[in-house]
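Asks: When you get a sec, could you give me coordinates for this:
(chains A and B)
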Amino acid sequence: MTAASDVIIIGAGIAGSAAAFFLRQRGRSVTLLERGLAGQQASGVNFGNVRRQGRRLEHLALSNRASVTWRRMRELVGEDIEYIPEGHIRVCYRDRPELLDEFAEYAREAGVRGLDLEIVTGAALRQRFPFFGPEVLGGSYSALDGHANPRLVAPAFARAARRNGAEVIENCEVLQVEKAGEDFLVSAADARCFRAPILLVAAGAWGNRFAAQFGEAVPMAVRGPTMSVTEPVPYSIHCAVGLVSPLDEEDVYFRQIPRGNLIIGGGLRGPAYPDLCRAYVLPRNTLGQFKQIRRLAPAVGRLNIIRVWSGIEGYLPDSQPVMCPSRRTSGLYYAFGFSGGGFQLGPGVGDVMAELIDTGHTTTPIDMFDIGRAALSATAMAAIGDDA
Amino acid sequence: MVGPRVIIVGAGPAGVRCAEALVAAGIRPTVIDENRRDGGQIYRRQPDNFTRSYATLYGTEASRAAANHRCFDELRGRIDYLPETLVWNISEGHVYALRDSRLVELPFDALILCTGATDRLMPVKGWNLAGTYSLGGAQVALKAQACAIGRQVIFMGSGPLLYLVAAQYLKAGAGVAAVLDTSPWRLRLAALPKLLAMPRALFNGIKLTLALRRAGVPMLSGIEPLEITGSAQDGVNGLSFRDARGEVRRLACDAVAIGYHLRPETQLADLARCEFQFNPTSRQWLPRIDAQGRSSVAGVYLAGDGARLLGADAAEAAGKIAALAVLEDFGYPFKAETVAELRRKLATLTRFAQGLMQSFPWPAGQAARLSDDTVVCRCEAVTAGELRRVVAQTGAREANRAKAFSRVGMGRCQGRYCGHAAAEIIAHAAEVPIEQVGRLRGQAPVKPLPIGIAEDGA
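Replies: This next block holds a predicted model:
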């Protein structure tokens, strides 16, 4: 038997779950298919940064739209997703003073685009953020950014979508998709079949499999972020904190949650195995992260970590997602490959894709995320080899 | 010929006998142990300047303890021994350890995990009050430091350790307020045929209970724990329970030691990516091993209570068997007869262990009866009510999913002490069989790891 709806969404991560939720708000019938459980992959195990600053200027419209949704989350999904809108600061070290000029330039440009930033240096920096180490030169503070609990967000969207009438089917692995006449036929591993005139692929690191079935494979690499969490200590750092460096191994960021634990991310990424749905943290990467967090915030160096984890993230060569209608198949839409930066965007992605599917256009520019862009060309594909 | 690089984790009875067999074959293994001295938990050695005799420390097991210690002492110089070293991760053929605040990274061809067991715990309301210990913890205080956990101690739970530790406290001169066993007497009678597989051990167990009785210690079976009472300021001041006749009773005490037999320490096996299987008799997940201790991962072997809860004598045999498996796998000569003989011995001990399990079952049903305000996960302060709410509202019916939503098992101990009870609560609330709830996945580090850890050359 084949179940029919207006839209089928593959993948109940944050983008797919939010899209299901917003499509229901627009009165479309939705079937949301998830191979495991909602938000179990990258959407659920990422750092939890709800950060706009630092994103490319042309992405800020989407990011701002997401930001509005973040601030309405409790009202929208009806539960607490531990969103802490207490700001975000990103800083640079003294050995890269040019980054501070870049922060200032970025702040000017972002200001025009609706994101207000404040450059903080010297005594003011030390006074407001006393935890920074002596190597920290200065930073850019975004008062309206923050952080949230990633484990809760996508499941909350999926539950809200279900309450509003979406068919949310977990433990349902999609094996094949094809277009038959006006409809897409989607077959799952458990022999169930689904039919709809519109299909949205929001399958994260697995999204490429479906794009490939429609002849639109993109060059994707999969990696697992290096995450760790400390034992709880008194809650005193409310904003999210990040270090900016051109070196991957210097990259480090952290946030504290009211429970008291510090969550730390950044540094080199580990191997990921999409076929096994597993990603592993390499011990050497954890140790590298330790070294960097001690530079950034020396006091954190006196704590213990109690757990590490990772997840499977799909990276595209230009670190930008695919978020567009298919170029080859009408009724087919993509929203995947967020390259480690999809958490904050997620609610906005769902909102925009619902608008695009419902109305045929969107008020938020997404041209740069087109699947046909040069960075995703055959040459780029050859360069990345079989990693996808 | 350069021999295989062999690492043994744990210097209890399994690790020691494993090292002995490898050394006999001409291999120089590295033995890594978290404790300051060898012996593991059961044959834990007292600090250097303590002078209690073997008979005082180990009672009926004095000669076995002495034999294990002697064996290990004789191995020194022929093994690389790293005491006070915590293995916190295993990855890509390397062991990562913490020693003296420094990183130790060692490659291995064969890894034998002899990680032992810790207490299996069922929460009871108030068990988060100061003065509540596990039976093993109470025993360690006595063995290692000659300290008692209180002046008037109630021992509660089930299993051989309940009577052993109570008797050890009595002998040491500490006040034993009561011994409360959740298992009814009749189970012990029914298990008698199996327990007779080891007449000496059975006799020793009976002797312990008789000593407690002679001293006038109240001993009750078939009880249901209700609440450990006290205050955040002053800690434990008493315990209430329902006796076998259904009457609610209260006893005063200043400390409680609880435990329901043991659970294997399997985090390292988990990090080594070993497969696990559900054991319906004990209602817990155990690493999959073959008859010689080989795990599902090539080069990783498991022996002792960390793999199967069979006790110290069995651990010695299993340690030796695992060593022989390593010898076989790496092309060394080994005696098949020895393996066969050891396995026969293990079979007898297994029968006895089954008798113990039948006598002192894990009180799974209690989990459903815990009041909503009972703290289940003490690290993260998650109550039974919160866990039930999460199951009801989010539909989580798998252990890791419930952990993601409720934080149960997310703290310092990573669910080692609450995981079993949490799984029972989830199973009951979600109305699914316990094996469907699965088990909490272990993540590095096995125990909290200092961010300040120094690396080589740092």
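Asks: Name all residues that make contact with the residue nearest to residue B:149 when sequence neighbours are not counted.
Replies: When the adjacent residues along the chain are set aside, residue B:149 lies closest to residue B:255, with 4.4 Å between them (CB to CB, 6 or more residues apart in numbering or on different chains). All C-beta spots, glycine's among them, are computed from the backbone N, C-alpha and C. With contact taken as CB atoms under 8 Å, 6 or more residues apart in numbering or on different chains, residue B:255 is in contact with B:131-133, B:138, B:148-154, B:235-236.
Asks: Then residue A:196?
Replies: Under the criterion of CB under 8 Å, 6+ apart, the contact list for residue A:196 reads A:4-8, A:31, A:183-184, A:186.
Asks: State the pair within these that is farthest apart.
Replies: Taking CB to CB as the measure, the contacts of residue A:196 reach their widest spread between A:6 and A:186, a distance of 13.6 Å.
Asks: just the contacts of residue A:196 now: which is nearest chain B?
Replies: Nearest to chain B out of the contacts of residue A:196 is residue A:31 (CB to the nearest CB; 17.9 Å).
Asks: Buried residues, the host helix or strand of that closest one. List them.
Replies: Under the criterion of DSSP states H and E, residue A:31 resides in strand A:30-33. When burial is assessed from 16 or more other CB atoms under 10 Å in any protein chain shown, strand A:30-33 yields the following buried residues: A:30-33.
Asks: same thing with stretch B:44-56?
Replies: Buried residues in stretch B:44-56 (16+ other CB under 10 Å): B:44-46.
Asks: three-state assignment of residue B:263?
Replies: Following DSSP: H, G, I helix; E, B strand; the rest coil, the label given to residue B:263 is strand.
Asks: per-residue pLDDT, it?
Replies: Per-residue confidence (pLDDT) for residue B:263: 97.
Asks: again, but for the one 10 residues further on
Replies: pLDDT for residue B:273: 96.
Asks: what's it in contact with, if anything?
Replies: Residues in contact with residue B:273, defined by CB under 8 Å, 6+ apart, are residue B:297.
Asks: Could you report the separation of it from residue B:7?
Replies: Using CB to CB, to the nearest Å, residue B:273 is found at 16 Å from residue B:7.
Asks: ditto for residue A:354
Replies: For residue A:354, the distance to residue B:7 under the criterion CB to CB works out to 55 Å.
Asks: Then residue A:259?
Replies: As defined by CB to CB, residue A:259 lies at a distance of 36 Å from residue B:7.
Asks: Tell me which of these two has more neighbours.
Replies: Higher neighbour count among residue A:259 and residue B:7: residue B:7, with 23 against 14, using other CB atoms under 10 Å in any protein chain shown.
Asks: Not counting its neighbours along the chain, what's nearest the more buried one?
Replies: Spatial nearest neighbour of residue B:7, excluding adjacent residues (CB to CB, 6+ apart): residue B:108 at 4.4 Å.
Asks: interface residues of chain B facing chain A?
Replies: Proximity of chain B to chain A is assessed by CB under 8 Å from any CB of the partner chain, with B:89, B:91-92, B:94, B:96, B:103, B:105, B:380, B:394, B:398, B:401, B:404-405, B:407, B:410-412, B:414, B:443-445, B:448-453, B:455 identified as the residues in range.
Asks: List buried residues within the contacts of residue A:196.
Replies: Neighbour-count burial (16+ other CB under 10 Å) is assigned, among the contacts of residue A:196, to A:5-8, A:31, A:183-184, A:186.
Asks: Which parts of the stretch 1-150 of chain B are helices?
Replies: If DSSP state H, counting those that start in this stretch is used as the criterion, the helices of the stretch 1-150 of chain B fall at B:13-24, B:54-58, B:62-75, B:135-145.
Asks: Among the buried residues of strand A:30-33, which one lies nearest to residue B:355?
Replies: residue A:33 (50.3 Å).
Asks: which ones are touching that closest one?
Replies: With contact set as CB under 8 Å, 6+ apart, residue A:33 has these partners: A:8-12, A:169, A:172, A:174, A:186, A:188, A:194.
Asks: Residue A:358: neighbour count?
Replies: Other residues near residue A:358 number 18, with proximity taken as other CB under 10 Å.
Asks: OK, contacts around the one residue in the stretch 251-400 of chain B that gets nearest to chain A?
Replies: Scanning the stretch 251-400 of chain B for proximity to chain A using CB to the nearest CB identifies residue B:394 as nearest, at 6.4 Å. Taking CB under 8 Å, 6+ apart as the definition of contact, the neighbours of residue B:394 are A:155, A:159, B:401, B:405.
Asks: Select from the residues you listed the one having the most neighbours.
Replies: Counting neighbours by other CB under 10 Å, the top entry in the contacts of residue B:394 is residue A:155, with 29 neighbours.
Asks: as a whole number, average confidence for the helix or strand hosting that residue?
Replies: Under the assignment given by DSSP H and E, the secondary-structure element containing residue A:155 is helix A:150-163. Per-residue pLDDT values across helix A:150-163 average out to 98.
Asks: Which elements pack onto that helix?
Replies: Identification of packing neighbours for helix A:150-163 by 3 or more CB pairs under 8 Å, 6 or more residues apart in numbering or on different chains; DSSP states H and E yields helix A:14-25, strand A:30-33, helix A:42-45, helix A:73-77, strand A:167-169, helix A:342-359, helix B:399-406.
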